[in-house]
Structures are given as structure tokens and as C-alpha cells.
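Q: Sequence and predicted model, in that order:
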Amino acid sequence: MGRREHFSSFLARSLREPPPGLSVPASFGQLSSRFDAYDQLSASQRQALVAQCRQQLHQWRQQQRPVVPLAPPRLRLAAATFAASGLAAGPLQLETPLGEVRGVGPKTAAQLAQLGLFVVRDLLHYYPRDYLDYANLVRISGLEPGRTATIVATVRRSHAFSSPRNPQLAIHELQLADVTGRLRVSRFFAGRRFTTPGWLKLQQRQFPPGATVAVSGLVKEGAYGPQFQDPLIEVLESPQAPVRSKEIGRLIPVYGLTEGLGADRLRQVMEAVLPLVPRSAEPLPEALRQREGLLERATALLRIHQPRSQEELQASRQRLVFDEFLLMQLGLLQRRRELRQRPAPSLNPDGAPLLDRFLELLPFGFTAAQQRVLAEIRADLARPQPMARLVQGDVGSGKTVVAIAALLLAFDSGCQGALMAPTEVLADQHYATLCRWLPQLHVSCALLTGSTPMRRRRQLLADLANGQLQLLVGTHALLEDPVQFARLGLVVVDEQHRFGVRQRDRLLHKGLQPHLLTMTATPIPRTLALSVHGDLDVSQIDELPPGRTPIRTQLLSAGERSKAYALIRQEVVAGQRAYVVLPLVEESETSDLRSAVEVHQQLSGEVFADLQVGLLHGRMASADKQAAIAAFAAGQTQVLVSTTVVEVGVDVPEASVMVVEHAERFGLAQLHQLRGRVGRGAAASHCLLIHEGRNPQSRQRLDVLVRSSDGFEIAEMDLRLRGPGQVLGTRQSGLPDLALASLCDDGAVLERARLVAEEILSADPQLQRHPELARLQQQQRQLVSAAVRLN
Ligand code: ADP
Ligand code: MG
């Protein structure tokens, strides 16, 4: 029509007056008027307008297209590769060094060793870290950007040419179609030899119009809809013929690699050892396996490496995850049984004069939750088996007084007690709290930390051994010391999440079998609790003492810092106090030490020159820390610049503002914990989180704290965002090694595994009738102890 009319006026008219029966979007009207003025536009403006018009037309057309639910195309895959590999399981054993496997030379073996893979068994348990899902068979209209997919389509056009801009680049363009639509696939070949006419012709001819092709790859959003990026393409001999490629149409495992060891090579080696998956070794009784709807372990081990479909992959993963959790729970529950069988002093006095007197002395009554938890503890203590109980409660829920009550029961029964805290600051705090009550009750109590002078220490240890000293307060260093009690009845451990299985073992190995009460103010998600504390009973203080005003939390950007300072001033004028907290990066105290010192200088010298500003950080001597806290508690300083040493235990009711700098560098649970340092008195309190992260996600993450004051919700979120290792804090947290299982996503499997573990152990505590399970457990224990030795 070009001769009759300019294309631009044709477009302007058509967009304005579409053919009858078609309803077009209002935006076409605007396009139309811009085409009216086409001859006044510059070349680049014209280009932009045409591109925009095409895009809008394309989008509109996509919307017009009726949605036909079409089944995915069919694609036949060649039979599983390993079966045909002809490698008989013969001389190879699970313990065979990888270097002796046919096809694995010393060089590859050395590379595998870098990944910690030494024998065949190691490789079998080296699970893919991800999969390329080329088994996702779709029609062209169903291609989704961001996903991998495979289509089966017919070639409509095949055109190869050298790039007009770059003579070294060959481009092969394929026009493909299936019943749902068309798709252009471009392949690029860089290099002079690809741009020869002969080569270009050959490409064109290899994909003749009418041929059926299978295409696998990652789908990206192109200018005119989804497109494959760098796909794998194979021409099928006939539409029904199986695809020869080992990748097209399949789920491709993606393994963690190391230098020099490529993905293909690792898959090759894996294929060589897969026939060795032990067929007979099924640890679960058949009936139980069926009831739980689990795949056989051998099948799962094989299919995790060579899944034929997503369903098969999920089922395999589920089985292996289940086994990991099952072994973990068996171990924990066995420990618990063992613990329960040891004798412990029964702390069941006829009367409890000390406890009664304490409850009278307290200026407040216990909350219902505190009463309930104390009753649970009391029932445990009365038994002649050692208690192993974890008390979880949000910051400020009043765990400490409950712990004191439990200790008093021990004294009432003529036993001694110990109270352990993770840091000296916290131990000091506890000691100070105890000194408020215990002298009035005529209970003898002492503090033992790293900074206790030698003479005093000797005296303490002597008093402890002869039974004169009733309560010893200290850090976990108590475990290292040659501390001997005359009659230890109860150990209270604060901040349980830093006191792992190993430390608990150490206590037991000292020949002590006291009751154990542990407390944590960082509520941990149930999956973590089951994993790390699966051998403990759990009590919950799920109620705050009355009269607390909720803390108002606000997010500020670095530019709004002056608002924070204004609020501090306002509160201080009203007689309150404020914390300014700076991050402490693990193990590199020096870098943040400076910033804490810097901020202290700036605040005391400039911003709050008229106020007293204190400083507290981990590098200070114990006495200086004490003095800084005491000055703040007494109101001699009104602002305390601190690192996270204030995180636990510091209890100053007049503190009503907390400003956290670089909030993006803290974990959510940790911030929640920090925030618990304010809002301890009656005044309305504020927490201001200053974040300097550029990344919007880090802001979103912090928003959780603004919205929620529920420690469990926050901890759950933290686990999701940062993973269990970070949430628990240290490497010694006793977290089991899980290769596949995720404590975030596999909670439901964990719950099942725990029930099954209980079921199995109640019928067969020593696993004598479950030899394969016992063997796996043994094997895992060896692995763990090997890892510990390496550490
Ligand atoms: P946690 O250790 O759980 O963070 P604490 O035991 O330190 O909490 O208690 C926080 C504050 O609340 C303390 O000052 C404590 O004396 C006070 N407190 C504890 N229980 C009650 C209660 N039932 N009613 C009022 N105040 C309480
Ligand atoms: Mg506490």
C-alpha cells in the first residue's frame, strides 16, 4: 500500500479507527496522534515511536489470543544413561578410593579431594546443589521468562548470515512454530571460520524447514516476548524419535565445582559410580516406609543425581531429608533417654521456706506464665532423674526471677546451685540481681569469672567444695575450671543458644549429674529448637509482666540521624536515658571499636557536649565495663555509646531510647534482643534503627521489626533470611550437619521424622532390630567426630 499512502498516515488512521468488531486500548489513540506528526520527528524519535508501537501491538495481540489449555508437547528421552555405561559394579566398593574408579585419573581424583570427596561413598552423597530444569516441557505460548524450559517445534525458516556490524560473527536465525505460536531463536557463532559461505549454508541446511526440533534453555524476556538465551537445539529424526542429547528434556544436576573440575567432567564421574548405589541397604522397616509414603533410600540416592522428573526429584529429596532428620532425632532422643536414666538428687523439700520468703519479698506477683513454668520446673526437680529443660521467653518476660525461684528450691533441699552466663557482663548483671535478694534470704552467693583474683578464686573453690557456698555465678568458664561442688543440685544456663550439646556434655563428663535449666531470650523457631535442643523439654513464658508499654520502633535513613539525636535530647530532658549501639563485626572488634570510640567522641564533644556520655565496648577491662554500666544505671551518664555487649542482660529501667547505627548489619533476632534493653520501665520507649544499606531488601527486612514485637515471628523471619548458622550464633552451637535438609523449608518433614524416631526408639531403644539404621548412625557419628578433629 506504500504507493497510495505514507505508512505513518496509514498507522495513524488504523490506530484511530480499528476494523469493526475490534476493541483496542485507549493508548492507541495517543499513538495515533503521534503518527499524525510523524514528519516533524527526528530519525531517532521516529525509530523510538515505531518500536513503541510494535511493542504495544504485540502486547495487545498477546492479550487477544484465546487461552487454550494445551497439554505439553511429548518428547521421548533415550533410556537412562548409566544402565548402558556397561560399568559393572564388580570390583568397586563404597570404600574404593575414587582414583581407582575406571575413568577417574589421579588428576581428577586430586580435584575431587579438594571437594572433600575421597571414596565412592563420598561422591554418592555429594548431592547436586541445584538443577537445570529442562524437563519443563511447554508450548511456545507457555514460555515464562526466568525459567528453563524445553519446547518441541517445527522449523518454519532457517537463515544464517554474517553480522552486518561484525564480520567475525555469524548469526543463525530460526523461525519456529508450534500450535500455540511462533518463536524466533537466534544462535551466535564468533570466529572467522563460522562466517564462510560454506559454513553458513551448512547451518541453514541442518535445520531445514519442516524439521522437528527440541530446544532447551533459559527463557529471557525479549523485546517482543519470551526468548531463549543460548539454547541447546537438536533436530529430531522424526517427531516421535527420541532425543539423543543427554541434556535436552532432562533435569540436569548442577554440582558445586572446584578449580579445574568442570561440570561435564563431574557428571561423567558421577555416572561411573552411580551403579554402586547399594541396592539392599534400606534402613526403614518396609511397613513404616510405605506408611510414610517414602521412596526407597537406594532409589532416592540414585534419583537425586538423575531425576527423570520434578516429581521424582522431590520424592527423592524428601526421602533423603527425612533420613537426615531421622538420624538427628534418633541421636537426640537417645541422649535424652540416657540422661533420664542417670540418678539425680530429688529436689523436693517438704516445705520451701526460702522460695516462699522470696515470693513475699518480690514487689510483684508472678504472671500466670511464670507460675506455670515454675510448676513445670518444680515437678521435674522432684523426680530422681535429672531435669533437662529449656525455658524460652521473650526479652523482659521475667525468666531470671523464675530461675532464682528454681535455685531456691535447690537450696531448700540442701543442695548447691550454679548460674552460668555467656559473657562476663551478663554474669555480673545476674550477680547484681541476685545480690538484691539472696543476702536477705541468708543464701551465700559468689561470682567467679576470668577476672576474679587468684586468692579469691582459691577461697571460692574451697568453700564450694566444702559446701559452704550455696550459689556460684559465672561464665561458661566454670566448665573449664577445676570446679568441684560438694552437692550440686541445679545448674542454670542463661542464653541457651550459645550453650550447645558439647558444653552440656562437658558438664556431664565432669561427673556432674545435676538438674539442668536453660534459658533463652532469643526465641528460636521450632525447627531449630527441635534440632539443637531436641533432647530438652521446653517451657514457654509467653506473657509479659503487666504495665509494659510497647516499644515504638522506627526506621531512619542515615540522613535523618538528627531526628534520633533530637529524640534522645527530649527524653534525657524528661529524665530518661538512651543507648546508642554500634555494630560489632565478628572477630574483628578493632574496626568497630574505632567507630564506637569515634561516635563517643563526636557525641560527647559536639552533639551532647552538655550531657554526660558513657562508652562501653568489649575491649574494655572488666572493671571499666562495670563502671560504665554502673554510671549509666545510676544516671551519672545519660547516654551510653556501646557495642553489642549491651545485648544481653543489661537492665536499666530508665533507659527509654535505643538508637542502633548500621542496623542493616545486625540480625533481626539480635536487634529484637537489643531493643529489649529499653521499655523495661513504665515510660513509653523508642527504638530507632538507622540503616545505611542501599539495598531495598535490607530495608524491607528491618520493616519486620517495625511491624512486629513477637520474638518468635522475628526469629522465624531471621532464620529464613540468614540461615540457621547465623541465627544460632556460633559454630559450636551444636547444629547438626545437614547436607540436604533445610531448617527453613523442611519443618514438616522434621516433625514427621521426630515422631518416627520416637516410635522406633520406644520399641527398640538400642536399634538392635534396625541394624541398617544403627549402621548409618554409626557412620554419621564417625563423620562428625572426624570433622571435630579437623576443627
Ligand atoms: P528476661 O530475663 O526474661 O529478659 P528479667 O527476668 O530480666 O527478664 O525481667 C525483666 C524485668 O521485669 C526485671 O526488672 C524483673 O524484675 C521484672 N519482672 C519479672 N517478672 C515480673 C512480674 N511478674 N511482674 C512485674 N515485673 C516483673
Ligand atoms: Mg534475662
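A: Structure received. Ligands and ions are numbered 1, 2, ... in the order given.
Q: nearest residue to G396 other than its sequence neighbours?
A: The spatially closest residue to G396, leaving aside those adjacent along the chain, is G676, at 5.4 Å (CB to CB, 6 or more residues apart in numbering). Every C-beta, even on glycine, is put in place using the N, C-alpha and C of the backbone.
Q: The one you found - how many residues pack around it?
A: G676 has 25 neighbours, counted by other CB atoms under 10 Å.
Q: Low-confidence ranges, the stretch 151-300 of the chain, go.
A: Where the stretch 151-300 of the chain drops to pLDDT under 70, the residues are 279-280.
Q: ok so, going back, ok, the residue nearest to G396 - contacts?
A: With contact taken as CB atoms under 8 Å, 6 or more residues apart in numbering, G676 is in contact with D394, V395, G396, A521.
Q: So which residues on the protein come close to ligand 1?
A: Within the chain, the positions near ligand 1 by CB under 6 Å from any ligand atom are 364, 366-367, 370, 393, 395-401, 521, 545, 651, 680.
Q: In helices, which of those residues fall?
A: Among the residues of the chain next to ligand 1, the members falling in helices (DSSP state H) are Q370, K399, T400, V401.
Q: Tell me how many other residues crowd the first one.
A: Here the neighbour count serves as a burial measure; for Q370 (other CB under 10 Å) it reads 22.
Q: again with Q40
A: 8.
Q: any idea how far it lies from R46?
A: From Q40 across to R46, the span is 10 Å (CB to CB, to the nearest Å).
Q: got the contact list for the residue in the stretch 451-600 of the chain that ligand 1 sits nearest to?
A: Closest to ligand 1 within the stretch 451-600 of the chain is P545: 3.2 Å, counting by CB to the nearest ligand atom. Going by CB under 8 Å, 6+ apart, P545 touches F364, T367, G396, S397, G398.
Q: among the ones in helices among the residues of the chain next to ligand 1, which two are most distant?
A: Using CB to CB, those reach their maximum pairwise distance at Q370 and T400, which is 10.6 Å.
Q: Quick one: find the helix or strand in the protein with the lowest mean pLDDT.
A: Least confident element among the helices and strands of the chain, by mean pLDDT, DSSP states H and E: helix 81-84 (a mean of 44).
Q: Now do the buried residues in the following helix or strand past that helix.
A: The helix or strand immediately downstream of helix 81-84 is helix 106-114, counting by DSSP states H and E. Neighbour-count burial for helix 106-114 flags T108, A109, Q111, L112 (criterion: 16 or more other CB atoms under 10 Å).
Q: got the contact list for helix 106-114?
A: For helix 106-114, contacts defined as CB under 8 Å, 6+ apart pick out P97, L98, G99, V104, F118, L123, T258, E259, G260, L261, R265, V269.
Q: from these, which is closest to ligand 1?
A: Distances from ligand 1 to those, taken by CB to the nearest ligand atom, are shortest for T258, at 46.2 Å.
Q: buried set for stretch 618-626?
A: Quick answer for stretch 618-626 (16+ other CB under 10 Å): G618, M620, K625, Q626.
Q: where along the stretch 251-400 of the chain do the strands fall?
A: Listed in chain order, the strands of the stretch 251-400 of the chain (DSSP state E, counting those that start in this stretch) span 251-254, 388-393.
Q: Tell me the buried residues in the longest one?
A: Buried residues in strand 388-393, counted by 16+ other CB under 10 Å: A388, R389, L390, V391, Q392, G393.
Q: Can you give me the buried ones in the longest strand along the chain?
A: The strand that spans the most residues within the chain, counting by DSSP state E, is strand 148-162. For strand 148-162, burial by neighbour count (16+ other CB under 10 Å) applies to T148, A149, T150, I151, V152, A153, V155, S158, A160, S162.
Q: Just put the strands of the stretch 251-400 of the chain in CSV and tack on distance to A715.
A: Below are those laid out as CSV (distance: least, CB to CB, whole Å):
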stretch, distance to A715
strand 251-254, 31
strand 388-393, 10
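Q: Quick one: the helices in the stretch 201-350 of the chain, in order.
A: Using DSSP state H, counting those that start in this stretch, the helices of the stretch 201-350 of the chain run over 263-273, 286-291, 297-305, 310-341.
Q: Between the buried residues of strand 388-393, which sits nearest ligand 1?
A: For the buried residues of strand 388-393, the nearest to ligand 1 is G393 (5.0 Å; CB to the nearest ligand atom).
Q: Next, the contact list for the closest residue in space to the closest one that isn't next to it in sequence, please.
A: Excluding the flanking residues, the one nearest G393 by CB to CB, 6+ apart is I541, at 3.2 Å. The neighbours of I541, taking CB under 8 Å, 6+ apart as the test, are T367, A369, Q370, V373, V391, Q392, G393, D394, S397, G398, K399, V402.
Q: Kindly recompute the last result at 10 Å.
A: For I541, the contacting residues are 366-370, 372-374, 391-394, 397-399, 402, 519, 521, 523, by CB atoms under 10 Å, 6 or more residues apart in numbering.
Q: again, but for L123
A: L123 makes contact with 94, 98, 101, 104, 112, 115, 117, 255, 266, 269-270, 272-274, 276, 305, according to CB under 10 Å, 6+ apart.
Q: any idea how far R267 is from it?
A: Counting by CB to CB, the gap from L123 to R267 is 11 Å.
Q: residues shared between the contacts of the two?
A: Counting by CB under 10 Å, 6+ apart, the common neighbours of L123 and R267 are Y255, H305.
Q: What score does the most centrally placed residue in the chain have for pLDDT?
A: Nearest to the geometric centre of the chain sits G723, at 1.7 Å (CA atoms, centre = their mean). Turning to G723, the model gives it a pLDDT of 71.
Q: ok, how many other residues are close to the closest residue in space to P128 that isn't next to it in sequence?
A: Leaving out its chain neighbours, the residue that sits closest to P128 by CB to CB, 6+ apart is P253, at 3.6 Å. Residue neighbour count, defined by other CB under 10 Å, stands at 21 for P253.
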